[in-house]
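**Q** coordinates only, no sequence provided:
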Ligand code: FAD
């Protein structure tokens, strides 16, 4: 058997037939529908909303939720593979799916009532309703428990005031899961587009995740019926539980970005003749390429073991932190090195490396910065909380 440069340990052989089928279906979608348009979407700062119905029909929205709620009942590893193959196309599309599935459908499923699940989940799985997740505020995302957004009870309703910043999908969202301080601790509310006092502003001039739509949410005394409150959880464990789901997917996604960069750069290095021989025939290029293959392979094994632990109900938050940290760092370093090996050609969106490198600047920052995840591991090792 000849080994693939992006799978030197044949990690694919460790997958079930069903997982391989999911990976192949999403890989086809990325090759046929995403890659032909994504460079242009990034140039134009446009989220390719026309792909949402197909993403939904492939079962990629709420993929791990039970069929009764519109999900596809997939396991954690299958969800990870979805993230990996989508991010081989672009981190923006993977972000869209992460937010819809892990940050919006998951809390409605885990913390909502049967009536709330029936009301929102099936249409979200069909891609007819888009969600966003509002936790971060402008004064400091790494420390979300200091949030100023607050909700006060008025009879059967709540009144919400405050704002959220850097919210993926916000400009295209039909509903927003918003986390707010209350007299009873942090609680989650489902806000619907058009509620009086609820407004959204798109964030412009991003140099990263340009094919993803990002915005700020503003709440000016928004009246929310108590039936829109996620009553099943109180305190920071609500939003943190959602982030744990999303971070799991994010530990897989960047593997796809790194594979895309390695494949593109390998092809280029074999073709590019400098000083009378292919760039790929030089020792320094080979060492760089070999090192990329090493890092991708170890990231895949890490993600797969995390997935198996998650499926067994045994994954710990610090394991998710380590995987998110390692795999984002692996991918951003590889994307930057690939950009270098592509020379000047690497600086345009005709090649993928620069786009992935720029996207990964967001991926390494959101859902807990690299430093935050390092401090989570440090706390687990030493017992001292350094935050
Ligand atoms: P800060 O918290 O101000 O951090 C600044 C720096 O300080 C970082 O380098 C950080 O590592 C470092 N730092 C923090 N704490 C410590 C410490 N104790 N010791 C040493 N250094 C420290 N949020 C949402 O709620 N929903 C979304 O959908 C969403 N989407 C996003 C999309 C994009 C494109 C981006 C860029 C962000 C998104 N975010 C979202 C916000 C994201 O989660 C935050 O940006 C992130 O948590 C970091 O917060 P911050 O930007 O305020 O940086």
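**A** Received the coordinates, thanks. Keep in mind that this is a model prediction, so the values were computed, not measured. Numbering: from 1, shown residues only.
**Q** so residue 217 is in which element?
**A** Element membership for residue 217 (DSSP states H and E) is strand 214-225.
**Q** show me how far that strand is from its chain's centre.
**A** 23 Å (Cα atoms, centre = their mean, to the nearest Å).
**Q** ok, now stretch 79-91?
**A** On Cα atoms, centre = their mean, the centre of stretch 79-91 falls 9 Å from that of its chain.
**Q** could you do stretch 294-308 as well?
**A** For stretch 294-308, the distance to the chain centre is 17 Å (Cα atoms, centre = their mean).
**Q** which segments of this protein make up each domain?
**A** The chain resolves into domains spanning 11-125, 131-230, 237-382 when parsed by automatic domain parsing.
**Q** relative to the ligand, which of these is closest?
**A** The minimum distance between the ligand and the domains of the chain falls on domain 131-230, with 2.3 Å, by Cβ to the nearest ligand atom. C-beta: built from backbone N, CA, C; applies to glycine.
**Q** mean confidence (pLDDT) on the closest one, please.
**A** Averaging pLDDT along domain 131-230 gives 97.
**Q** circling back to that earlier point, would CSV of the domains of the chain with mean neighbour count and distance to residue 5 be doable?
**A** Below are those laid out as CSV (neighbours: other Cβ atoms under 10 Å; distance: least, Cβ to Cβ, whole Å):
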stretch, mean neighbour count, distance to residue 5
domain 11-125, 20, 13
domain 131-230, 18, 26
domain 237-382, 20, 5
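**Q** mind putting those into a markdown table with distance to residue 3?
**A** Below are the domains of the chain laid out as a markdown table (distance: least, Cβ to Cβ, whole Å):
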| stretch | distance to residue 3 |
| --- | --- |
| domain 11-125 | 11 |
| domain 131-230 | 32 |
| domain 237-382 | 9 |
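**Q** need the residues of the stretch 251-387 of the chain near the ligand, please.
**A** Proximity of the stretch 251-387 of the chain to the ligand, by Cβ under 6 Å from any ligand atom, involves residues 362, 365-367, 369, 371-372, 375, 387.
**Q** how about the helices in this structure?
**A** 17-29, 35-44, 52-57, 76-89, 91-98, 106-111, 114-125, 237-271, 283-311, 317-341, 353-363, 370-382 (DSSP state H).
**Q** what does the last one rub up against?
**A** Residues outside helix 370-382 that contact it (Cβ atoms under 8 Å, 6 or more residues apart in numbering): 142, 317-318, 321-322, 324-325, 328-329, 364, 368, 384-387.
**Q** now swap in the fourth one and tell me
**A** With Cβ under 8 Å, 6+ apart as the test, helix 76-89 has contacts from 15, 18-19, 22-23, 26-27, 29-30, 34-35, 38, 60, 63-64, 74, 93-94, 97-98, 101, 248-257, 259-260, 303-304, 306-308, 310-311.
**Q** what about 7 Å?
**A** 15, 18-19, 22-23, 26-27, 30, 34-35, 38, 60, 63-64, 93-94, 97-98, 248-249, 252-257, 259-260, 303-304, 307-308, 310-311 (Cβ atoms under 7 Å, 6 or more residues apart in numbering).
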